[in-house]
Each structure stands twice: as C-alpha cells, then as structure tokens.
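*Asks:* A predicted structure for the sequence below; I have some questions about it.
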Amino acid sequence: MGVPPLELVMGLEVYGTRSPGIGGRIRQVPEDFVVREVLSDGSVAPLGPGPGSPGGSGSFLLCSLVKKGLDTLKAVGILAKRLGIPEGLVDFLGLKDARALTAQFITVRGVRPKGLGELRPGELYVFPLKFRRKPLEPRELVANEFSIRIRGLRLDEAALAGRLDQLLSELGEVGGLPNFFGHQRFGTARPITHLVGREIVRGDVRRAVELFLAYPSPWEGPRAREARSYLSGTWDLKGFLELLPRPFYYERLMARHLLRKPSDYHGALRLLPLRLRRLFVQAYQAYLFNRFLSRRLREGMPLGRAGPGDWVLELDEHGLPTGRARKARREMALGPGQALGLPLPGFRQELSSGRQGEIEKEVLEEEGIRPEDFRVRSMPELASPGQLRPASVGLKLLSGPVLREDGLNPGCSALEMSFRLPRGSYATVFLRELMKPSDLPASGF
C-alpha cells in the first residue's frame, strides 16, 4: 500500500501493516490528543492540582506543566518570564506537541508554590507536586501515556472492529509496532528540519541557511510560502522581511544578520538556539533511521527476529535500551528483554553487518554521507556519535478502543482509546498504521 508523498519526504516509505486503514482525523480539538509523561517510579503527570500542599524537601520544586496550543519551549519561556528567572532554572524531560493537551514533569529551582498558578487561562497551568533535592534527569522519563480520539469515522461498528483486529494482528506478525520517527520530528507543515541537518552534516552551512529561510512548502500558510518563494528566486532579504509574517522570529533575526554581514552564514545559523541546531542534525539521523527501517520492511525482513550481523539490544524493565548490544552470529528469535537495533548514524556508531548492513550502506551512499561526517567539522558543537534504536516497540493498550457518537461531525463516529509507549516512540506512528491517512495535514497529523 502506497504512502502519501509527504511521508516519503520523511523517510516513511512503507507501512508495517497490509490492510486498509479506518480513516478519520485526529486533533480536531486539542483534547482529542492527550499526552501524559510517566516516570521510572510510576508517577504519571497529572492534568490537575494534587491534594494538599507539596511535601518533600530540597530546592527543586517538581511540578506538572499542563499546556494546550503551546510547544514546550514556548511554555517554559512564558513560565520563566512570569517567575522572573532564567529559563535554565526550569528543567524538563521531553518536547511535547503544541497541538495537544499535554502534562509533563518539570523542576523549577528556588521558587515557592505560591509563585506558580494559572499563567494563561485555558492554555498553560503549573501544578506543584513536591520538593526534591535534584533536578529531573533524562533517564527518569520512561514512557508516555496517550488518550486519543479519532473523529469523522464512517465505518459501522462491526466493520471497524474487524479492521482494527486485523491491523493489530498484522503488527504482531511483523514483530511489533515499527519504531519509526513520527511526523512531528520533521514538521508536517514544512518538513525541512532533516534537510537543514543534511546540509550541516555535509558541511554546507550556506545551503543550510538558505533552506531554513527560503525553502517553500505547499503545506505552509500562503503568506509565509509567498515570502519564501520570493527569497528563493531573488535572495532579496529586504523584500523577504517585508513579505514575511511577523511571528517568524528566527527567520527575521537571521535575515537581518545577513543584511549586515552578507557572507556570515555560520554566524546566522548560530543565532538559533543550540538546542534547535542540534535538532536539525538529530532529525537527519531520524530520517536515515526511517529509511533503514523502511527498506528492511519492504524486503520482508522481520523485526521480531535477528539475522546474522543484526544488532541485538538489551532492554530494561521499561522496554528501553540499557546501552548493551551485540551482533547476532546466526538467525535467532528475540525474547523478552531483547530488541532488534538499527543505527542512528554517527561518528562512533558501527553500522549493522549482513543484509541489514548492506541496506544501511546503500542508503548512506545515496545520501552522499559517511558516518564520520557526523563530527560536523564546520560546526563541532553539533557533532553526534550516534546510537542504536529499537526497530520495533511494544504498545500497551490501557483502554478501548470504544466507538462513540462524534459530537463534532454529524453522522460520523469517534473512536476512543488509551495506550502507553516507551519514551522516544510516537503515537502518530501507531495511528498512521490504523488510519492510513491520504492527506496528512487534513487528517490532523
């Protein structure tokens, strides 16, 4: 079954399932897509205030940051400004989608609970939970829980149940949910993060800046698309600034810098926050991983078994890699606590061997990239050693699926379900298998 052209741009070249999808759309309203973080101690980020005053001791206040219609970085910026503290005093574990209702853990250093509260009615809330002696650490986040509503369904209940059963059965046959990087890793309105990252890795910083500023996307808003198309054809930065809608802060910052220093592309790119520049390189690694996994699936190679030369990962009790891995010497089934690993290419990460290794080398040759290029000599602060990522993950269904009347779309049904995925895995990857959307933006992706 063919995938939409927009997914091909992201390296999502195949589905893991064969059957037709159920259709529908997600995120018609933010409450249709609820995400809550899960910590290693079993805590789930609450969507509301806890009982009583925060207990515990220490100078770090653990809170639940609940937001709607905001990305994590913007929400943290608003919080820090409200409290009058540097953003660096707010620690968080993951970036959560703006087009959702999300609850994530943060720690804030040196503030009292009475300094928090409602920040933007209906958009951003902070609920104090307890004091602790250290900030949040990345290893504490082990999973995310999702409560999803798929609207606009036109299949009757029996047909829908049959199709869902078949799709879930096919995921089991292939060896689990293919652990693709999801659409938000690249951006659906303008999927260019990996394209910018590719040029950074290649050492072409000028081209990276040109793509960031001038690459038009048919899925972006018309005014922004007009401004980028104009710049692409003229490189008239003054005219670009006149056409560009005002909210595009970083584009304006970079364009003004280049007007003052026309050849300083390194300086222009370094105006972006280090976190964002690293995301470009990481998005390119994600794109390469998606292509590796797509080709493996296309060739009918299993995800629940390892062949000679495949990486075998050791997993912890949360289904996350422990950092220990070895290459299989023969065909082998993968048991509990094991997963097939595929590389996120980097200057230290060894590729697979055997047929999977041949696939990886073929993709890198097509891209004109070598693993050592991820040292990023043109911008060493963006260097990435690479790592291994599970090729598939287990999905834990918590409730549903349940079919209800769709109150927003007369004559249609809505499917509700809740599930848990390990940290770093994407709910939209599961939903694309169920829905098989032909128009990603219209389907809420």
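*Replies:* Looks like it came in fine.

*Asks:* going forward, measure contacts and count neighbours with C-alpha atoms only.
*Replies:* OK.

*Asks:* is it correct that Gly77 is in contact with Glu87?
*Replies:* Yes - the pair Gly77 / Glu87 is scored as a contact, 6.2 Å apart, by C-alpha atoms under 8 Å.

*Asks:* where do the helices sit along the stretch 251-400 of the chain?
*Replies:* Remark: helices assigned in the stretch 251-400 of the chain by DSSP state H, counting those that start in this stretch are 265-269, 274-298, 354-367.

*Asks:* a markdown table for those, including mean pLDDT, distance to Leu12 and mean neighbour count?
*Replies:* Shown next, in a markdown table, are those (pLDDT from 0 to 100; distance: least, C-alpha to C-alpha, whole Å; neighbours: other C-alpha atoms under 10 Å):
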| stretch | mean pLDDT | distance to Leu12 | mean neighbour count |
| --- | --- | --- | --- |
| helix 265-269 | 97 | 28 | 18 |
| helix 274-298 | 96 | 6 | 21 |
| helix 354-367 | 98 | 14 | 16 |
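
*Asks:* a markdown table for the ones you listed, including distance to Pro410?
*Replies:* Formatted as a markdown table, these follow (distance: least, C-alpha to C-alpha, whole Å):
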| stretch | distance to Pro410 |
| --- | --- |
| helix 265-269 | 48 |
| helix 274-298 | 37 |
| helix 354-367 | 46 |
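
*Asks:* the ones you listed: which one's closest to Asp71?
*Replies:* Nearest of these to Asp71, taken as C-alpha to C-alpha: helix 274-298 at 13.1 Å.

*Asks:* so that closest one versus helix 354-367, what angle?
*Replies:* Interaxial angle, helix 274-298 versus helix 354-367 (axes from the mean of the first three to the mean of the last three C-alpha atoms, to 10 degrees): 130 degrees.

*Asks:* surely Gly175 and Ala306 touch.
*Replies:* No - with contact defined as C-alpha under 8 Å, Gly175 and Ala306 do not form a contacting pair (10.8 Å).

*Asks:* between the two, who's got more neighbours?
*Replies:* More neighbours surround Ala306 than the other of Gly175 and Ala306, with 23 against 20 (other C-alpha atoms under 10 Å).

*Asks:* roughly how far does the more buried one sit from Ser353?
*Replies:* Separation of Ala306 from Ser353 (C-alpha to C-alpha, to the nearest Å) stands at 11 Å.

*Asks:* now swap in Thr107 and tell me
*Replies:* From Thr107 to Ser353 the distance is 43 Å (C-alpha to C-alpha).

*Asks:* which one of those two is surrounded by more residues?
*Replies:* Just comparing Thr107 and Ser353: by other C-alpha under 10 Å the higher neighbour count belongs to Thr107, 27 against 19.

*Asks:* so which strand or helix has the more buried one?
*Replies:* Assigned by DSSP states H and E, Thr107 belongs to strand 101-109.

*Asks:* which elements pack onto that strand?
*Replies:* Under the contact criterion of 3 or more C-alpha pairs under 8 Å, 6 or more residues apart in numbering; DSSP states H and E, strand 101-109 touches strand 33-39, strand 60-68, strand 90-92.

*Asks:* need the winner for burial among those strands.
*Replies:* Scoring the helices and strands packed on strand 101-109 by mean neighbour count under mean count of other C-alpha atoms under 10 Å gives strand 60-68 as the most buried, with a mean of 26.

*Asks:* residues in contact with that strand?
*Replies:* Contacting residues not belonging to strand 60-68 are listed as 30, 45-48, 75, 98-113, 122-135 [C-alpha atoms under 8 Å, 6 or more residues apart in numbering].

*Asks:* show the buried residues in those residues.
*Replies:* 30, 45-47, 75, 98-109, 113, 124-132, 135 (16 or more other C-alpha atoms under 10 Å).

*Asks:* then stretch 256-272 to CSV, C-alphas only?
*Replies:* Presented in CSV, the C-alpha positions along stretch 256-272 are these (Å, rounded to 0.1, in the frame of the first residue of the first chain):
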residue,chain,number,x,y,z
ARG,A,256,18.8,41.0,9.4
HIS,A,257,22.2,39.5,10.4
LEU,A,258,22.8,38.6,6.7
LEU,A,259,21.9,42.1,5.6
ARG,A,260,24.7,43.4,7.9
LYS,A,261,27.1,40.6,7.2
PRO,A,262,26.1,39.0,3.8
SER,A,263,28.7,36.2,3.8
ASP,A,264,28.5,35.2,7.5
TYR,A,265,26.3,32.1,7.2
HIS,A,266,27.9,30.4,10.2
GLY,A,267,27.0,33.5,12.3
ALA,A,268,23.5,33.5,11.0
LEU,A,269,23.0,29.8,11.9
ARG,A,270,24.5,30.3,15.3
LEU,A,271,21.8,32.8,16.1
LEU,A,272,19.5,29.8,16.5
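
*Asks:* contacts for that stretch next, please.
*Replies:* 205-206, 209, 237-238, 250, 253-255, 277.

*Asks:* mind listing what's buried along it?
*Replies:* Counting neighbours by 16+ other C-alpha under 10 Å, the buried set in stretch 256-272 is 256-258, 265, 268-269.

*Asks:* for beta bridges, what are the partners of the nearest residue to Leu61 once chain neighbours are set aside?
*Replies:* Take Leu61 and drop its neighbours on the chain: the residue closest to it by C-alpha to C-alpha, 6 or more residues apart in numbering is Phe131, 4.5 Å away. Applying DSSP bridges to Phe131 gives these bridge partners: Gly56, Leu61.

*Asks:* surely Phe131 meets Ser53?
*Replies:* No - if you go by C-alpha under 8 Å, Phe131 and Ser53 don't touch, sitting 10.4 Å apart.

*Asks:* shared neighbours of the two, anything?
*Replies:* In contact with both Phe131 and Ser53: no residue, using C-alpha under 8 Å, 6+ apart.

*Asks:* kind regards, and thank you for your time.
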